[in-house]
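A.B. asks: got a structure for you, letters missing:
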């Protein structure tokens, strides 16, 4: 193993030299840091109703689902969550997975094979990239949000079944996809548009129903929606939403669904209760955008279409130093460096939260403005 040990050491040295070494930093349950790095945009993960529902489900059903969904891993909680997710987003049906990653892997790999064409936005999440590779389809990566490039790629499909991959609100830059134009391009070429609503659900549109719904495409026959339950809904898991025929096909063919243990009862109940809470507080999205706009203006960066604010920094080292300075002042933010950023620019990734009271939010904004001034962002 000496050769492997040397290789590991060389790899770490290279990462450290480039400012790209990462480490795990466990946090305590009573951590008092203002956390603007996590994706719990609505503060529902810690809401008393959500926590109680998760705890009660664990007591009633046990710590795990016990088996795959097609064996005995489907509970009435799963069925209720799927029905209410579909109703909320105005899709015909939904299927819940153990993670959003699995939802994306499943959606893409059951729709495409080696005889297909995948047209992928250059900025899609790693789960969609991996799904495209696993599908064995031909892959054409197009420039970010370039509808003309998508149309050109679809025109060259040569009779192959085609799907287009995008996010609704992109996870790094926080910008929105031109969904109506992309859906029109797909309809013209009988392609499917797979839209990852991970950062749109709960944040965008009427009551947080997502960008697909906001753009009037909830029932569009060429649009497939995926989502995660681990961001605005504060739990974990993922879902694919679309036609009943699609969900039937996924149930029977999606390997990440068939061979994976079902989502545990506690997060299933937590996500279900968070969804019901969201439906009772339809003002959540407007509050997110009000706070996000305030923060963007203070930091001198463009406003986000969702809850993700991206602050480009001059180098990975500067980004890490700014992150550390913010943490020392009591505010945790994300630090995205290659290969996590699609354009290679290291960033502070700051998420807007409505679960913080006004005083703590104002303090966080002041801290971040000072940190950015001290370290300098890329212009």
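C.D. replies: The structure has been received and is ready for your questions. It should be emphasised that the depicted structure is a prediction, and the values quoted were computed from it without experimental measurement.
A.B. asks: ok, longest helix in the protein?
C.D. replies: helix 358-375 (DSSP state H).
A.B. asks: So what would you say the end-to-end distance of stretch 103-120 is?
C.D. replies: End-to-end distance for stretch 103-120, by C-alpha to C-alpha, to the nearest Å: 17 Å.
A.B. asks: chain center to it, what's the gap?
C.D. replies: Remark: stretch 103-120 is offset 18 Å from the chain centroid, using C-alpha atoms, centre = their mean, to the nearest Å.
A.B. asks: average pLDDT across that stretch?
C.D. replies: Along stretch 103-120, the predicted confidence averages to a pLDDT of 98.
A.B. asks: Can you mark which positions in it are buried?
C.D. replies: Buried residues in stretch 103-120, defined by neighbour count with 16 or more other C-beta atoms under 10 Å: 103-112, 116-120. To be clear about C-beta, it is placed using only N, CA and C from the backbone, and glycine gets the same treatment.
A.B. asks: now, the most widely separated pair of those residues?
C.D. replies: 103 and 117 (21.7 Å; C-beta to C-beta).
A.B. asks: can you give me the helices for the stretch 101-250 of the chain?
C.D. replies: 126-135, 147-155, 179-188, 211-214, 244-253 (DSSP state H, counting those that start in this stretch).
A.B. asks: Make CSV from these and add mean pLDDT to it.
C.D. replies: Below are these laid out as CSV (pLDDT from 0 to 100):
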stretch, mean pLDDT
helix 126-135, 97
helix 147-155, 98
helix 179-188, 98
helix 211-214, 98
helix 244-253, 98
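A.B. asks: Let me know which of the ones you listed is the nearest to residue 198.
C.D. replies: helix 126-135 (8.9 Å).
A.B. asks: what number of residues lie near residue 335?
C.D. replies: Using other C-beta atoms under 10 Å, residue 335 has 20 other residues around it.
A.B. asks: Roughly how far does it sit from residue 356?
C.D. replies: Distance from residue 335 to residue 356, counting by C-beta to C-beta, to the nearest Å: 20 Å.
A.B. asks: quick one: residue 253 from residue 144, how far?
C.D. replies: 31 Å.
A.B. asks: Show me which of those two is the more surrounded one.
C.D. replies: Comparing residue 253 with residue 144 by other C-beta under 10 Å, the one with more neighbours is residue 144, at 17 against 13.
A.B. asks: Now do the contacts for the most centrally placed residue in the chain.
C.D. replies: Geometric centre of the chain, nearest residue: residue 198, 3.3 Å, by C-alpha atoms, centre = their mean. Residues near residue 198 by C-beta atoms under 8 Å, 6 or more residues apart in numbering: 100, 125, 167, 169, 171, 226, 227, 228, 231.
A.B. asks: Let's see the pLDDT reported for it.
C.D. replies: For residue 198, the predicted pLDDT is 97.
A.B. asks: next one: phi and psi at it?
C.D. replies: Residue 198 adopts backbone torsions of phi -50, psi -40, taken as degrees, to the nearest 10.
A.B. asks: Out of the helices of the stretch 101-250 of the chain, which one sits most buried?
C.D. replies: Burial of the helices of the stretch 101-250 of the chain is given as mean neighbour count (mean count of other C-beta atoms under 10 Å); helix 211-214 ranks first at a mean of 24.
A.B. asks: separation between residue 318 and residue 190?
C.D. replies: From residue 318 to residue 190 the distance is 48 Å (C-beta to C-beta).
A.B. asks: Who are the contact partners of residue 251?
C.D. replies: Contacts for residue 251 (C-beta under 8 Å, 6+ apart) come out as 69, 70, 95, 257.
A.B. asks: Okay, it and residue 245: tell me how far apart.
C.D. replies: Taking C-beta to C-beta as the measure, residue 251 falls 11 Å from residue 245.
A.B. asks: ditto for residue 23
C.D. replies: Per C-beta to C-beta, residue 23 is found 46 Å from residue 245.
A.B. asks: if we can go back for a sec, can I get the helices of the stretch 101-250 of the chain in a markdown table with distance to residue 309?
C.D. replies: Below are the helices of the stretch 101-250 of the chain laid out as a markdown table (distance: least, C-beta to C-beta, whole Å):
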| stretch | distance to residue 309 |
| --- | --- |
| helix 126-135 | 20 |
| helix 147-155 | 25 |
| helix 179-188 | 21 |
| helix 211-214 | 17 |
| helix 244-253 | 34 |
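A.B. asks: To residue 288, which of these lies closest?
C.D. replies: With C-beta to C-beta as the measure, helix 211-214 is the member of those nearest residue 288 (13.5 Å).
A.B. asks: who touches residue 256 in this structure?
C.D. replies: 97, 102, 105, 106, 109.
A.B. asks: Which residue ranges of the stretch 101-250 of the chain form strands?
C.D. replies: Using DSSP state E, counting those that start in this stretch, the strands of the stretch 101-250 of the chain run over residues 116-121, 138-142, 161-167, 192-196, 223-228, 238-242.
A.B. asks: hang on, residue 84 packs against residue 276?
C.D. replies: Yes - proximity of residue 84 to residue 276 meets the contact threshold set by C-beta atoms under 8 Å, at 7.3 Å.
A.B. asks: which of residue 318 and residue 190 has more neighbours?
C.D. replies: Per other C-beta under 10 Å, whichever of residue 318 and residue 190 has more neighbours is residue 318, with 17 against 11.
A.B. asks: Now that one. Nearest residue, chain neighbours left out?
C.D. replies: Nearest residue to residue 318, sequence neighbours excluded (C-beta to C-beta, 6 or more residues apart in numbering): residue 375, at 5.6 Å.
A.B. asks: Next one: that neighbour from residue 347, what distance?
C.D. replies: 12 Å.
A.B. asks: ok, now residue 108?
C.D. replies: From residue 108 to residue 347 the distance is 26 Å (C-beta to C-beta).
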